[in-house]
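In: can you look at this prediction? I've put the sequence above it.
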Amino acid sequence: MSKKGLLFCITLLLILLPISLQGQCAMCRAVLESNGDQSVAEGINNGIVYLMAIPYILVGSLIFIVYRKLKS
């Protein structure tokens, strides 16, 4: 598999993966908002987004480092 093919597969995986994860976040947020305490719902939602973003940042950094090593 060429470098472009591998990069395309990884990019496609990273784009499609959050689609299935967003459903759970919306469900958690809807349950919390139905209780009436908006500050708790916002805090939980921000925590979910924060926890979901860290792996993408780490994987993106790793891909960038590998790309730079292969390019040079």
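Out: Ah, there it is. Numbers count the residues shown, from 1 in each chain.

In: which parts of the helix or strand harbouring Ile65 are buried?
Out: Mapping Ile65 onto the secondary structure by DSSP states H and E places it in helix 38-71. By 16 or more other C-beta atoms under 10 Å, the buried positions in helix 38-71 come out as Ala41, Ile44, Asn45, Ile48. Placement of C-beta: from N, CA and C, glycine included.

In: widest-spaced pair of the residues you listed?
Out: In terms of C-beta to C-beta, those reach their longest pairwise distance at Ala41 and Ile48, which sit 10.8 Å apart.

In: want to throw the buried residues of helix 38-71 into CSV with distance to Tyr67?
Out: Formatted as CSV, the entries for the buried residues of helix 38-71 read as follows, by distance: C-beta to C-beta, whole Å:
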residue, distance to Tyr67
Ala41, 39
Ile44, 35
Asn45, 33
Ile48, 29
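
In: TSV please, covering those and showing distance to Lys71 and pLDDT.
Out: Formatted as TSV, the entries for the buried residues of helix 38-71 read as follows, by distance: C-beta to C-beta, whole Å; pLDDT from 0 to 100:
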residue	distance to Lys71	pLDDT
Ala41	45	71
Ile44	41	76
Asn45	38	74
Ile48	35	79
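
In: quick check, nearest of those residues to Ile57?
Out: The closest of the buried residues of helix 38-71, once distances to Ile57 are taken by C-beta to C-beta, is Ile48, at 15.4 Å.
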